[in-house]
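**Student:** the following block contains a protein sequence and its predicted model.
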Amino acid sequence: MASILFHLLEQEQHLNQPASFMLACQLATDCYRQRQRCVILTGSKADAEAIDDLLWQQPVDAFVPHNLAGEGPANGAPVEINWQQANVNNRAVLINLSNNMPDYAQRFRQIYDFVPAEEQAKQQARERYKHYRAAGHQLATTPAKFNHETHNG
């Protein structure tokens, strides 16, 4: 079973971007630095493209090789951004920005999820939490912490 860590977001925006997107980019950077391949699962193609843009805005010394699903090398870059069924081959970490628990969550060792500040999104996060728990995953929560050196504004 996967270990699920929910990040509690106190604000909707961070540096004029959705806070969950900024934290997802930070987590993807951390995974890359730890040599862990990850997939960022978004709720839509537009969100996936927004994450792609944010990762391209990283400072040169913090660049993270990434690609949108279906693009890039045959096995994908270390960080893949997807809005549909995620390519989980050789991926230990899932960063979940979608509104649902993926059916294939058990294939990952670590899943990062988010509890937004906005009430409706917070309720969706509670539902995901219940689904993860019912599936037998290990759950934990932590306050969101932003690393300002990773992103430029």
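**Tutor:** Nice, I can see it. Numbers count the residues shown, from 1 in each chain.
**Student:** make it CA atoms for all contacts and neighbour counts henceforth
**Tutor:** Noted.
**Student:** partners of the helix-or-strand element of the chain with minimal mean pLDDT, with directions?
**Tutor:** For the chain, the helix or strand with the lowest mean confidence is strand 13-14, at a mean of 82 (criterion: mean pLDDT, DSSP states H and E). Take DSSP bridges as the rule and strand 13-14 pairs in its sheet with strand 17-18 (antiparallel).
**Student:** low pLDDT regions in the protein?
**Tutor:** 86-88, 148-153 (pLDDT under 70).
**Student:** now the strands for it?
**Tutor:** Ranges of strands in the chain, per DSSP state E, are 3-8, 13-14, 17-18, 38-41, 66-68, 79-82, 93-96, 110-115, 138-143.
**Student:** closest to A24 out of the ones you listed?
**Tutor:** Checking those against A24 by C-alpha to C-alpha gives strand 93-96 as the closest, at 6.5 Å.
**Student:** what helices or strands is that closest one leaning on?
**Tutor:** If contacts are counted by 3 or more C-alpha pairs under 8 Å, 6 or more residues apart in numbering; DSSP states H and E, strand 93-96 sits against helix 19-33, strand 38-41, strand 110-115.
**Student:** buried residues of it, list them for me.
**Tutor:** Residues of strand 93-96 classed as buried by neighbour count (16 or more other C-alpha atoms under 10 Å): V93, L94, I95, N96.
**Student:** quick one: the residue nearest the centre of the chain and D61, what's the gap?
**Tutor:** Central residue of the chain (C-alpha atoms, centre = their mean): I95, 2.5 Å from the mean position. I95 is 22 Å from D61, where distance means C-alpha to C-alpha, to the nearest Å.
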